[in-house]
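Student: Next one to model:
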Amino acid sequence: FGLMRSVDKGETWSWATHGCPWRNTFYDIAFDPFVKGRMYAACSRKHEIIHWISNDARSMPGGVCISDNYAATWKPVTGLPEVPCCGIEVDPVASKPGAGVL
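Tutor: Numbering: from 1, shown residues only. This is a model prediction of the structure:
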């Protein structure tokens, strides 16, 4: 559920979903290979999606969020449908500095 982060090599942990509208579950995270501190997250307001009998995105939306400060804050990626997202990858071949391809 959610996401935790540590800035002291695991000595302490803090909640790390600030700014994400779908903070219930961060299913996957990908790091941008060209931008230090940039992360992408596959998020949903619903956990245990694999156990759903039906997926109703109207009541439990989700999407992709981006952080430029090592998960201190997040913002949703615009232009994508607000439906639960369970996985995310950065394409290492198609991506280039300033233009990460998810």
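Student: what stretches of this protein score poorly on pLDDT?
Tutor: For the chain, the stretches with pLDDT under 70 are 49-59, 98-102.
Student: Can you tell me which residue sits nearest the middle of it?
Tutor: Nearest residue to the geometric centre of the chain (Cα atoms, centre = their mean): Ala41, 1.5 Å.
Student: Hmm, that residue is touching Ile88, no?
Tutor: Yes - in this structure Ala41 lies within contact range of Ile88 using Cβ atoms under 8 Å: 6.8 Å. Quick note: C-beta positions are derived from backbone N, CA and C, even for glycine.
Student: Now do the shared contacts for these two.
Tutor: Taking Cβ atoms under 8 Å, 6 or more residues apart in numbering as the criterion, Ala41 and Ile88 both touch 28-30, 64.
Student: In helices only, show me these.
Tutor: Using DSSP state H, no member of these falls within helices.
Student: Report the two of those residues separated the most.
Tutor: Ile29 and Val64 (10.8 Å; Cβ to Cβ).
Student: Separate out the buried members of the shared contacts of Ala41 and Ile88.
Tutor: Those of the shared contacts of Ala41 and Ile88 that meet the buried threshold are 30, 64, by 16 or more other Cβ atoms under 10 Å.
Student: From the shared contacts of Ala41 and Ile88, pick the one nearest Pro92.
Tutor: Nearest member of the shared contacts of Ala41 and Ile88 to Pro92, counting by Cβ to Cβ, is Ala30, at 10.4 Å.
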